[in-house]
Every structure is written in C-alpha cells, then in structure tokens.
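> after the sequence you'll find the predicted model.
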Amino acid sequence: MKVSVKEVDQHEIVRNLAEFLKKSGKVKVPEWADIVKLGIHKELAPIDPDWYYTRVGEFSCIFGGKKRFGTTPAHFRPGSTLVIRKCLQTLEAVKWVEKHPDGGRRLSRQGRKDLDRIASQIKHAQRAKQQQQRQMEEQED
C-alpha cells in the first residue's frame, strides 16, 4: 500500500526528514550556522545544534514572528531570507528540488520518492505501535 506525504502528521515528517538528512550525509551545514539569527525578531542563534536539518525539512513554511517593542504593540517581522535561500539551494544540490520550465521550483521525482518513503516508514511505525497497544490491552483483560 502506497503512502503519501500528505497522509502523515507533518511534524513527524519534518522530524524524520531532519534525521534522514543528518544520517545520509548529503547535506552540509554551513559554517555560519552556529552564529546566525533566524530573524530580526530573535535575540540569539538557535539553541539546537541540528537546527539546519530541521529548517531544510520545513523551509516552505512562512518563517517569522512577533518583534517586541517593549510597551508598544508587537508587529510581525519576517524571518531571515538568507537561511531560506540556502535551504533551497541545499535541496537543489541533493536533487530534491528542480527548476520548473515556467519559472520557480518544484519537488523533483527523487524528492517525492524519498518523502513518500519516509512517510511510509512513519505510517508503518504507527501501525506497529497501535498493534502493540492492542496486544497490551488484551493481555490486561
């Protein structure tokens, strides 16, 4: 049974995709990754040392947040476009994203295949966990 990326919880996809990219060694973390802020509304660099893998996995989200001005109302500020641009270039280097003939970029066949494989692994793990819980409940009864 084929499982699509859209059928699985997206938080699980991002987490497993980050693990996959880290283990595969295809993605190189830039030198500036440990000192860069992810937006004008942030004070510090990310605490998680593996944040770049997670950001590559979820780069299509709109990043940003509230910039606090003390006693005045907070306003939305966009995230760093450098980080998003570098994540996109990383995915192009891995051959997960390709240029579209009409302009822009799209997910490549290899990218869709890898994402669907990760989604099926998540789905199978969830099914195994559910079966294990059912067996535990039956043993208790």
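Looks like it arrived, so ask away.
> wait, a strand at residue 77?
Yes: Residue 77: assigned to a strand according to DSSP: H, G, I helix; E, B strand; the rest coil.
> report pLDDT for it.
The model reports residue 77 with a pLDDT of 74.
> all strands for the chain, in order.
64-69, 72-78, 97-99, 105-107 (DSSP state E).
> buried stuff in the longest one?
By neighbour count on 16 or more other C-beta atoms under 10 Å, the buried set for strand 72-78 is empty. C-betas here are computed from N, CA, C, even on glycine.
> how far out from the middle of the chain is that strand?
Strand 72-78 sits 25 Å away from the centroid of its parent chain (C-alpha atoms, centre = their mean, to the nearest Å).
> adjacent strands (with direction) for it?
strand 64-69 (antiparallel) (DSSP bridges).
> check contacts around residue 66.
41, 74-77 (C-beta atoms under 8 Å, 6 or more residues apart in numbering).
> run the last query once more with 10 Å
Contact partners of residue 66, counting by C-beta atoms under 10 Å, 6 or more residues apart in numbering, are 41, 73-77.
> skipping adjacent residues, who's closest to residue 3 in space?
residue 120 (4.1 Å; C-beta to C-beta, 6 or more residues apart in numbering).
> tell me who's in contact with the one you found.
Neighbouring residues of residue 120 by C-beta under 10 Å, 6+ apart: 1-5, 7-8.
> just the buried residues from these, in ChimeraX please.
Only the buried entries of the contacts of residue 120 go into this ChimeraX selection, using 16+ other C-beta under 10 Å:
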select :3,5,8
